[in-house]
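Undergrad: Starting from these lines, generate the structure:
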Amino acid sequence: SADLAFEAKSARDYAWYDVSSFLTYRVLRTGELEVRVRFSGFDNRHDEWVNVKTSVRERSIPVEPSECGRVNVGDLLLCFQEREDQALYCDGHVLNIKRGIHDHARCNCVFLVRYELDNTEESLGLERICRRPEE
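TA: A predicted model of the protein is given here:
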């Protein structure tokens, strides 16, 4: 659809943020395309040039309790990583899934993920993961 929403990876913390607008673009000598993005909820002081190929993608989708079966070992997820000093949305791969018995309103499955950025592992509930749109 025409109203596709995008997220972009910030070079400041390697976390993904929703894009509110694409401001302009430039082509590097290497032929690679960069866009200047404004992140949702941030002002122009946080505008950033990002590589279209590596750092812009269609927005990740929250997983509903009834959809947790769509998440599989090996999947790339956007995970809400809470640390003492910050809380960021970063990429992680699913290492293991402990499936629980649940209904459409609540999911108690546990997803063990390994974060791409620092290779740490964490067990997350459904409310802290988003899946990638189907290609």
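
Undergrad: CA only for contacts and neighbour counts going forward, please
TA: Will do.

Undergrad: Show me the chain divided up by domain.
TA: 6-58, 61-131 (automatic domain parsing).

Undergrad: In JSON lines: the ones you listed, plus mean pLDDT and mean neighbour count.
TA: What follows is these, written out as JSON lines (pLDDT from 0 to 100; neighbours: other C-alpha atoms under 10 Å):
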{"stretch": "domain 6-58", "mean pLDDT": "97", "mean neighbour count": "15"}
{"stretch": "domain 61-131", "mean pLDDT": "95", "mean neighbour count": "16"}
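
Undergrad: Can you name the residues that contact Ser123?
TA: With contacts defined as C-alpha atoms under 8 Å, 6 or more residues apart in numbering, Ser123 is in contact with Val110, Phe111, Leu112, Val113.

Undergrad: Now do the strands in the protein.
TA: Per DSSP state E, the chain carries strands over the ranges 6-9, 16-27, 33-39, 48-51, 56-58, 61-62, 76-82, 87-98, 110-115, 121-124, 129-131.

Undergrad: Strand partners (parallel or antiparallel) of the third one?
TA: Taking DSSP bridges as the criterion, strand 33-39 sits next to strand 16-27 (antiparallel), strand 48-51 (antiparallel) in its sheet.
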